[in-house]
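Student: Turn this into a model:
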Amino acid sequence: MSARLLVRALRDPASLHPNCDWTGLIAAARAEQLVGSLAFRLEGYEVPERVGRLLAMHRADAERVRVQALWEAEMARRALAPLRASVVLLKGSAFHAAGLEAAQGRNVGDLDILVPHDALRDVEQALIAHGWERMKEADGYDDLYYRQWMHELPPLIHRERDRMADVHHTILPLTARPRPDAEALIAASVALPDGLRVLAPEDMIVHAAAHLIADGDMTGGLRNLWDIDRLMREFSRVEGFWPRLRERAERHGLGRAVRRAARLSHDLYATPLPPSWRGWSGVDILFRRRLLGRNGWGQPTRPATRFGFYVRGHLMRMPPLMLARHLVTKARAQAGQSVSSAPISSE
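Tutor: So this is what the prediction gives:
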């Protein structure tokens, strides 16, 4: 399957055969948003000419992605500077701003930031005053659900640049079982020269593991796991990293998620781990199966496994009774939209 080929290419580019399934490899990389990372991993290796041209194009495009991500971060910094609140970059924007190895070829979609909960209202108003607009109907069900139960505000989009911003006040929904210490995340964050901040190294991995294991159905999991591999390799060069990571993961209630993410990263990407981190769990096999579910066209496979993780993701986000009410409400809303958009009969 192409997902396995993609993992192999990222882990050990020299192991690829010149006549391998390049079409399937590129399709899987695009589906997992890893084509930029793959382009840099294969730089300098022998590939077919047409593949080489394509990968060179993606390496060139990576610079545009980097500049755009940093520009969006700068625009948010300028908008929020008068508030004097801590603004912590998350995910891809943080990797690029901090110059981390995980940024190489890393695609960035939205601007994700973490701010103190008591600053949410002021942050939202400041962003709106500088051109961002709400994407959800004010006081609608989705808007209210975000504000009451989610770990972020309803998404915002800039009316001129068409770029989204997600404003977080913690890293998991308030309905989730783990309750990360958002104040500790912000307090331990590291200042950048421009005044923005990024999470501390250990917390950066905790967040990536939370996003992969404890929040959602693992869509795009190979990219999230690649982030974890890159971050662990870079940060573990500093003495004492592994005990610090264990301590921070436990503090945020995400010890199990971080250990599982580390095991999966070691299994698929050969991430170096201390022996005490390598104990394999039988349940890990299901996560591995979910991560590798793509065919030669980059399409998802293993529908039963995907559905199981879809259900798991929803159950991890909220208790069963609350989930049932939420799904019924969403179904009614969609049914109402279908009725309102149906053509009016002339009879």
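Student: Could you list the low-pLDDT ranges of the stretch 201-347 of the chain?
Tutor: Across the stretch 201-347 of the chain, the ranges flagged by pLDDT under 70 are 318-347.
Student: Over to the stretch 1-150 of the chain?
Tutor: For the stretch 1-150 of the chain (pLDDT under 70), the answer is 1, 136-139.
Student: Can you show me the strands along it?
Tutor: 88-89, 111-114, 132-134 (DSSP state E, counting those that start in this stretch).
Student: what's the closest of these to Phe307?
Tutor: With distances scored as CB to CB, the stretch of these nearest to Phe307 is strand 111-114 (27.7 Å). All C-beta spots, glycine's among them, are computed from the backbone N, C-alpha and C.
Student: Would you mind listing the buried residues in stretch 251-262?
Tutor: Neighbour counts over stretch 251-262 (16 or more other CB atoms under 10 Å) mark 251-255, 257-262 as buried.
Student: Figure out which of the strands of the stretch 1-150 of the chain is closest to Ala76.
Tutor: Using CB to CB, the strands of the stretch 1-150 of the chain put strand 111-114 closest to Ala76, at 6.1 Å.
Student: which other helices and strands contact the closest one?
Tutor: Packing contacts for strand 111-114, counted by 3 or more CB pairs under 8 Å, 6 or more residues apart in numbering; DSSP states H and E, involve helix 49-80, strand 88-89, helix 91-98, strand 164-168, helix 182-187.
Student: Would you give the sheet partners of it, along with the direction of each?
Tutor: Strand pairing for strand 111-114, using DSSP bridges, gives strand 88-89 (antiparallel), strand 164-168 (parallel).
Student: Next, the angle helix 49-80 makes with the last one.
Tutor: In this case it means strand 164-168. 60 degrees (axes from the mean of the first three to the mean of the last three CA atoms, to 10 degrees).
Student: Okay, buried residues for strand 164-168 please.
Tutor: 164-168.
Student: Serialize the strands paired with strand 111-114 to TSV and add fields for distance to Arg53.
Tutor: Listed next are the strands paired with strand 111-114 as TSV, based on distance: least, CB to CB, whole Å:
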stretch	distance to Arg53
strand 88-89	33
strand 164-168	31
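Student: right, so of the ones you listed, which gets closest to Arg4?
Tutor: Across the strands paired with strand 111-114, Arg4 has its closest neighbour in strand 164-168 (31.8 Å, CB to CB).
Student: give me the beta-bridge partners of His168?
Tutor: Beta-bridge pairing for His168 (DSSP bridges): Leu114, Glu152.
Student: In contact with it: list those residues for me.
Tutor: For His168, the contact set (CB atoms under 8 Å, 6 or more residues apart in numbering) comprises 90, 112-115, 151-152.
Student: could you redo the last one with a cut-off of 10 Å?
Tutor: 88, 90-91, 112-115, 117, 120, 150-153, 182, 185, 207 (CB atoms under 10 Å, 6 or more residues apart in numbering).
Student: now, which of the residues you listed sits nearest Tyr310?
Tutor: Among the contacts of His168, and counting by CB to CB, the member closest to Tyr310 is Met150, at 18.2 Å.
Student: Do I have it right that that closest one meets Leu120?
Tutor: No. Met150 is not in contact with Leu120 according to CB atoms under 10 Å; the separation is 11.4 Å.
Student: re the thing from before, pick out the most distant pair among the buried residues of strand 164-168.
Tutor: For those, the farthest-apart pair by CB to CB is Met164 and His168; their separation is 13.0 Å.
Student: Please produce a ChimeraX select command covering the buried subset of the contacts of His168.
Tutor: To isolate the buried ones among the contacts of His168 in ChimeraX, judged by 16+ other CB under 10 Å, type:
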select :88,90,91,112,113,114,115,120,150,151,152,153,182,185,207
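Student: Thr175: which of the contacts of His168 is nearest?
Tutor: Proximity of these to Thr175 (CB to CB) peaks at Met150, which lies at 8.3 Å.
Student: phi, psi of the closest one?
Tutor: Backbone torsions for Met150, taken as degrees, to the nearest 10, come to phi -90, psi 170.
Student: ok, now which ones touch it?
Tutor: By CB under 10 Å, 6+ apart, the residues touching Met150 are 142, 166, 168-170, 172-175, 317.
Student: now Val123
Tutor: Neighbouring residues of Val123 by CB under 10 Å, 6+ apart: 76, 79-80, 83, 85, 87, 113, 115-116, 153, 165, 167, 169.
Student: now swap in Leu127 and tell me
Tutor: Leu127 neighbours (CB under 10 Å, 6+ apart): 75-76, 79-80, 111, 113, 133-134, 153, 156, 158, 165, 167.
Student: And the strands paired with strand 111-114: which comes nearest Val283?
Tutor: strand 164-168 (28.1 Å).
Student: and the angle for that closest one with helix 91-98?
Tutor: Using the same axes, to 10 degrees: strand 164-168 against helix 91-98 is 90 degrees.
Student: for strand 164-168, what is the average pLDDT?
Tutor: For strand 164-168, mean pLDDT is 95.
Student: How far off centre is it?
Tutor: Put simply, strand 164-168 sits 13 Å off its chain's centre (CA atoms, centre = their mean, to the nearest Å).
Student: before we move on, back to that, could you point out which of the contacts of His168 is nearest to Glu247?
Tutor: Among the contacts of His168, and counting by CB to CB, the member closest to Glu247 is Leu185, at 13.8 Å.
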